[in-house]
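Have a look at this prediction, sequence included:
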Amino acid sequence: MATCLLLPIPSKPQNSNPNSPKHRHTKITTCSSSSSSLTAQSQSAKRHLLSLISDQDRGLKTQLDPPKRASIVEAIDALAVLGRDTVTTGGSLSATWRMLWTTEKEQLFIVENVRLFGTAAGDVLQVIDVENKTLNNVITFPPHGVFFVRSVIEIASPQRVNFRFTSAVLRGENWEFPLPPFGQGWFETVYLDDEIRVVKDIRGDYLVVDRAPYAWKE
């Protein structure tokens, strides 16, 4: 909550007119806000988290380092505390989000092993459209390959989104192979700002993403 005070500040007379008041008072407004302190804490906690995951190869290295994983989860929990009273399921959730780090074994397995098929994983994305109630989970295989899973979403609370998979597609340059839908669940965005988003999901996994510099389209 912001607190503002009006303070009268005396000033010297501007001329020697005897009819002029000897002292004039100028009101200035001073404001202090606890929100600025909270923002500073959030930015510090965010920088700490990003520093911890910066050398973790999107989470591949973390799988083999339990102490590092514990440190990262602790940093995520600290951000979650700072963001607990915020709404993270509004319009600002709509974006193409690019994975920086995760504990999701399925995604990490694909990222690590896709080279066995003569390619490499590019950006791993989560494309959310709150207005149209859609979510695509995407793994790209440059220059032309992509695997994506379509979902429909429903806002369940200020931070929770329910989702249900509807279909999946494996696509190459000149071909496409459809796959059946397979499951549903929920995720909570425990921290969200103009740069990153931090997520916990129904299985206890964690995800850190940033806003991609482009918009992915099917």
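Arrived safely. Please read these numbers as outputs of a predicted model, since none were measured by experiment.

can we go C-alpha only for contacts and neighbour counts from here?
OK.

neighbouring contacts of the helix or strand encompassing Tyr191?
Tyr191 belongs to strand 184-192 when elements are defined using DSSP states H and E. Strand 184-192 is contacted by residues 79-80, 82-84, 88-89, 93, 159-165, 197-202 when judged by CA atoms under 8 Å, 6 or more residues apart in numbering.

Which parts of this structure are strands?
For the chain, applying DSSP state E gives strands covering 2-11, 24-33, 95-102, 124-129, 134-141, 145-155, 160-171, 176-179, 184-192, 196-201, 206-211.

now those as CSV including mean neighbour count?
Converted to CSV, the strands of the chain look like this (neighbours: other CA atoms under 10 Å):
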stretch, mean neighbour count
strand 2-11, 11
strand 24-33, 11
strand 95-102, 23
strand 124-129, 22
strand 134-141, 21
strand 145-155, 19
strand 160-171, 18
strand 176-179, 12
strand 184-192, 20
strand 196-201, 20
strand 206-211, 21
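
Same list (these) but as CSV, adding distance to Asp65.
As requested, the strands of the chain are exported to CSV (distance: least, CA to CA, whole Å):
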stretch, distance to Asp65
strand 2-11, 43
strand 24-33, 40
strand 95-102, 14
strand 124-129, 22
strand 134-141, 24
strand 145-155, 28
strand 160-171, 29
strand 176-179, 34
strand 184-192, 24
strand 196-201, 20
strand 206-211, 16
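
Distance to Glu74 and mean pLDDT for these - can I get that in TSV?
Formatted as TSV, these follow (distance: least, CA to CA, whole Å; pLDDT from 0 to 100):
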stretch	distance to Glu74	mean pLDDT
strand 2-11	30	39
strand 24-33	27	44
strand 95-102	14	98
strand 124-129	24	98
strand 134-141	26	97
strand 145-155	27	96
strand 160-171	20	96
strand 176-179	37	93
strand 184-192	13	97
strand 196-201	13	98
strand 206-211	11	98
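
Of those strands, which is nearest Ser42?
strand 184-192 (9.2 Å; CA to CA).

ok, the closest one: who's next to it in the sheet?
strand 160-171 (antiparallel), strand 196-201 (antiparallel) (DSSP bridges).

Distance to Leu38 added to these, as CSV?
Below are these laid out as CSV (distance: least, CA to CA, whole Å):
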stretch, distance to Leu38
strand 160-171, 22
strand 196-201, 17
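
Quickly list what Phe147 is bridged to.
Ile139, Leu170.

Tell me which other helices or strands the top helix by length along the chain touches.
Secondary structure of the chain per DSSP state H: the longest helix is helix 34-53. Contacts defined by 3 or more CA pairs under 8 Å, 6 or more residues apart in numbering; DSSP states H and E place helix 34-53 against helix 66-82.

could you say what helices and strands the helix it packs on packs with?
Packing partners of helix 66-82 (3+ CA pairs under 8 Å, 6+ apart): helix 34-53, strand 184-192.

Give the buried residues for that helix.
Lys68, Arg69, Ile72, Val73, Ala75, Ile76, Asp77, Ala78, Leu79, Ala80, Leu82 (16 or more other CA atoms under 10 Å).

How far off centre is that helix?
15 Å (CA atoms, centre = their mean, to the nearest Å).
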